[in-house]
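Novice: My questions are about this predicted structure, shown below with the sequence.
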Amino acid sequence: MKIKIDLKVPKGWQMCSTRELEMIAEEMIRANLMAAMSRFRPFDWTAVKTRLFFRFAQVEIVSSSPPFGRLRDREEEVFLCRLAKGNPMYDAYKEEFELATWQVHSFLEQLAWIDAVDSKGRPVPMPKLMWPYPKRIWWLRWRKPDGELLDGMSWQTYRLINDWMEALSFDRLRNRDKSEMRREQDIRLTVLGLMFGCPKWRVRLARISDVEWQVILFWWSSMMQYLKEQYPKCFKQSDKKSRSKAQPLPIELYTRSMATLQKYLGGLTEAQINQQSAHAILRHMNDMAVEAEQMEKLRRKKK
């Protein structure tokens, strides 16, 4: 009997369901933990995508020869497999079968977007993702955060969340002691409380798993990319020459040039500015940066 493996692979980050994002997060976490436990098993995207291949295809690995991940030349690896219970063909075909690594790798190009890099070897930013947990219940029923694209979020809330997010690594998945785990869980609750406008004491009993948190970090990373595309001047990196002179990035204008921002916005107080939407302030700052560049060009022409 011929076996038809129905490989349903998402075509990109924005095409992933919440569960598919969680599957990617689970495999990333697993690979990072394995790498943390042994210096002989570094994080390997090919291994991550290989495991995702089997999960997306609804195929279980019974065993591999040699054991999965221990072969230097993986092209020689052979997997003994069977269909998973969720597979549509599970009831019709329950025999075990073999798949060689080269056969599996022929499908992995469909997952190239997970670790895609540009011509300079830099990770390709993921496109915007919608809020991944619209119906999730953590301790109490929460609505969606202030717009999946942060359209209802205040400037102050955005800055606080961004500061907390920067305090955590994007892939903070190494082994942690209890104090670090408690601190990180506290930060997670603080961030989610800010997102949902919920007092921290009301979410103190919530438990955000590593997988859920990683998916939320996927979403936040995509939102930051979305903001960079909308307001490029606010996130433009200074060149090396500018950095040597300790010049602030445009986003730092908020703290270093509040007086200028207040004047630009018609005399609003700092408290009033903080209550403006994040998009409005970023748009104003982007306009300020554009005007500053234009003034600098005129100044240079007059020399």
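Specialist: Sure, I can see it. Numbering: from 1, shown residues only.
Novice: can you pull out the strands in the protein?
Specialist: 59-65, 78-83, 97-100, 137-138, 140-141 (DSSP state E).
Novice: how about those strands, which one is nearest residue 293?
Specialist: strand 137-138 (44.0 Å; C-beta to C-beta). C-betas here are computed from N, CA, C, even on glycine.
Novice: related to what we said a few turns ago, for the strands of the chain, give me a markdown table that also has mean neighbour count and mean pLDDT.
Specialist: Formatted as a markdown table, the strands of the chain follow (neighbours: other C-beta atoms under 10 Å; pLDDT from 0 to 100):
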| stretch | mean neighbour count | mean pLDDT |
| --- | --- | --- |
| strand 59-65 | 15 | 85 |
| strand 78-83 | 18 | 89 |
| strand 97-100 | 15 | 86 |
| strand 137-138 | 14 | 60 |
| strand 140-141 | 10 | 50 |
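Novice: Dump the ones you listed into TSV; add distance to residue 199 as well.
Specialist: Shown next, in TSV, are the strands of the chain (distance: least, C-beta to C-beta, whole Å):
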stretch	distance to residue 199
strand 59-65	45
strand 78-83	48
strand 97-100	52
strand 137-138	14
strand 140-141	11
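Novice: closest one to residue 298 among these?
Specialist: strand 137-138 (53.1 Å).
Novice: Does residue 236 touch residue 292 like I think?
Specialist: No: assessed by C-beta atoms under 8 Å, residue 236 is found out of contact with residue 292, at 11.5 Å.
Novice: and residue 9, which of the strands of the chain is closest to it?
Specialist: Closest among those, once you apply C-beta to C-beta, is strand 59-65, at 12.8 Å.
Novice: centre of the chain versus the closest one, how much separation?
Specialist: Mean C-alpha position of strand 59-65 versus that of the full chain (C-alpha atoms, centre = their mean, to the nearest Å) differs by 30 Å.
Novice: confidence score at residue 193?
Specialist: pLDDT, residue 193: 82.
Novice: Residue 299 now?
Specialist: On pLDDT, residue 299 comes in at 86.
Novice: ok so, going back, which one, of the strands of the chain, ends up nearest to residue 114?
Specialist: strand 59-65 (18.6 Å).
Novice: what residues does that closest one touch?
Specialist: 5, 54, 68, 77-84, 87, 96, 99 (C-beta atoms under 8 Å, 6 or more residues apart in numbering).
Novice: which one of those residues sits closest to residue 36?
Specialist: For those, the nearest to residue 36 is residue 68 (18.1 Å; C-beta to C-beta).
Novice: show me where this structure has helices.
Specialist: With DSSP state H as the criterion, the chain has helices at 18-37, 45-56, 101-105, 155-167, 178-196, 210-230, 240-244, 253-256, 258-264, 270-275, 278-302.
Novice: Rebuild these as TSV, extending it with mean neighbour count and distance to residue 132.
Specialist: Converted to TSV, the helices of the chain look like this (neighbours: other C-beta atoms under 10 Å; distance: least, C-beta to C-beta, whole Å):
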stretch	mean neighbour count	distance to residue 132
helix 18-37	17	5
helix 45-56	19	17
helix 101-105	16	28
helix 155-167	16	16
helix 178-196	16	12
helix 210-230	19	5
helix 240-244	9	35
helix 253-256	15	29
helix 258-264	14	33
helix 270-275	13	28
helix 278-302	14	20
